[in-house]
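A.B. asks: Fold the following for me, if possible:
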Amino acid sequence: MHERTIADILSAQADRLIEGHHGEAAFDCRGIQRMESLVPLMELAERVESSLRPVEPSPVFVQSLSRQLSAKWVRGNREMNRRARSATFVVAAALGSAVSVISAVGIVVYLIRHRERRAVAHYPDA
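C.D. replies: Predicted coordinates for the structure are as follows:
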């Protein structure tokens, strides 16, 4: 039997156990031959399901957890704000530097062209 099929069988059994079916009723054998190698896994799943019950946390715990998560969220936002400000500063500095370099190159190009124009204007035959 393929692993995918085994996983599907065990998943279907888990769903039926959650619905409250036990024993043979938890094993849905429509279209599938029961494999004896799966019996121990299915019995183990049934034992585990019968020993595990949902637990309702106390209201005090829920409130405490809520406060802790809110405080952690606020701290995380503050840290992200610091990082965002730092990143913004770095990007702004990089853009400022790029503008300065481009301006310096532009000034040099302008001065060279201006000098050439003045030379042509003073010495047209050269």
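A.B. asks: Flag the shaky bits of this protein, pLDDT-wise.
C.D. replies: For the chain, the stretches with pLDDT under 70 are 1-4, 22-36, 124-126.
A.B. asks: all helices for it, in order.
C.D. replies: Applying DSSP state H to the chain gives helices spanning 3-18, 39-51, 59-122.
A.B. asks: what's around Leu52, how many residues?
C.D. replies: Other residues within reach of Leu52, judged by other Cβ atoms under 10 Å, total 8. (C-beta placed from N, C-alpha, C; glycine too.)
A.B. asks: no wait, Glu49
C.D. replies: If you count neighbours by other Cβ under 10 Å, Glu49 ends up with 17.
A.B. asks: For it, give its distance to Ala14.
C.D. replies: The gap separating Glu49 from Ala14 is 7 Å, by Cβ to Cβ, to the nearest Å.
A.B. asks: How about Glu43?
C.D. replies: 13 Å.
A.B. asks: Looking at those two, which is more packed in?
C.D. replies: A count of neighbours by other Cβ under 10 Å puts Ala14 above the other of Glu43 and Ala14, at 16 against 12.
A.B. asks: Who are the contact partners of the closest residue to that one other than its chain neighbours?
C.D. replies: In this structure, Ala14 finds its nearest non-sequential neighbour in Ala45, 6.2 Å apart by Cβ to Cβ, 6 or more residues apart in numbering. Counting by Cβ atoms under 8 Å, 6 or more residues apart in numbering, Ala45 touches 10, 13-14, 17.
A.B. asks: Could I have the buried ones of these as ChimeraX selection syntax?
C.D. replies: Filtering the contacts of Ala45 down to the buried ones (16 or more other Cβ atoms under 10 Å) takes a single ChimeraX command:
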select :13,14,17
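A.B. asks: I appreciate the help and will end here.
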